[in-house]
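Engineer: sequence and predicted structure, then a few things I'm wondering about:
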Amino acid sequence: MAKVAPSILSSDFLNLGRDIRNLAVNGADYVHIDVMDGLFVPNISVGLPVVKAIRPATELVMDVHLMVERPIRYVERFCQAGADILTIHVESDSQENTLAALKRIKELGVRPAISLRPVTPAQAVLPFLPLCSLILVMTVEPGFGGQSFMQDMMPKLKTISQYIAQHNPECELEVDGGINVETARICRENGANVLVSGSTYFKSEDPAAYCRALRGE
């Protein structure tokens, strides 16, 4: 059964503490936190102070997604701020630095993860897969919430699912972008077992029922 990771990018920031606490009440598994620097993606969002502030407010897994240039500069501080999973992008630095960043994340007791933009082919994960606890496949162009789901990413998702089965069966496969009840079903059918949902979760009239539906219950 899939896990649900609501993205706080779509939360009510005036009432962020309330929204964070309600995630557990509604049956979410992870808190997905999008960190953007305005360089790797054309938007700016939350950073280290917000991650650190959220940590005491929840016992859920904090799933921190760094959409930043050269994340090796920041991984240690995000681990110390309370991330349980720390995701960096394969496109954001050299392979050497990306491997070094993943190794450092793991040394600090945090689960290392790698993400791919829609344009990036599935095989780009292969050098990093042995180090990863999670692979994140973007089904929208990263940087903004509320975009439409890119169903043409499903062959890539399925291929990465096969790579995981062959090389690192304990690794989770996450999808982020345009997730709703119907697209969640499609993603689960292609191997995903963690589903990020932002605007649809926070606009739901019954978030607990919505989480159950995403899981396929």
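Structural biologist: Yes, it's here. Numbering: from 1, shown residues only.
Engineer: pLDDT weak spots in the protein?
Structural biologist: Scanning the chain for pLDDT under 70 picks out 144-146.
Engineer: and the strands in it?
Structural biologist: Remark: strands assigned in the chain by DSSP state E are 3-6, 30-36, 61-67, 85-89, 111-116, 134-138, 172-176, 194-197.
Engineer: okay if I get those strands as a markdown table plus mean neighbour count and distance to residue 211?
Structural biologist: C-beta: built from backbone N, CA, C; applies to glycine. Output for these, formatted as a markdown table (neighbours: other Cβ atoms under 10 Å; distance: least, Cβ to Cβ, whole Å):
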| stretch | mean neighbour count | distance to residue 211 |
| --- | --- | --- |
| strand 3-6 | 27 | 5 |
| strand 30-36 | 25 | 11 |
| strand 61-67 | 25 | 14 |
| strand 85-89 | 27 | 18 |
| strand 111-116 | 23 | 21 |
| strand 134-138 | 27 | 19 |
| strand 172-176 | 26 | 15 |
| strand 194-197 | 27 | 9 |
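Engineer: now distance to residue 127 too, for those, in TSV please.
Structural biologist: Output for the strands of the chain, formatted as TSV (distance: least, Cβ to Cβ, whole Å):
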stretch	distance to residue 127
strand 3-6	25
strand 30-36	23
strand 61-67	18
strand 85-89	13
strand 111-116	9
strand 134-138	12
strand 172-176	17
strand 194-197	22
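Engineer: nearest to residue 212, of those?
Structural biologist: Proximity to residue 212 (Cβ to Cβ) singles out strand 3-6 among the strands of the chain, at 8.7 Å.
Engineer: what packs against the closest one?
Structural biologist: Packing partners of strand 3-6 (3 or more Cβ pairs under 8 Å, 6 or more residues apart in numbering; DSSP states H and E): strand 30-36, strand 194-197, helix 199-203, helix 207-215.
Engineer: can you redo the ones you listed as CSV with distance to residue 62?
Structural biologist: Converted to CSV, the helices and strands packed on strand 3-6 look like this (distance: least, Cβ to Cβ, whole Å):
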stretch, distance to residue 62
strand 30-36, 5
strand 194-197, 13
helix 199-203, 16
helix 207-215, 17
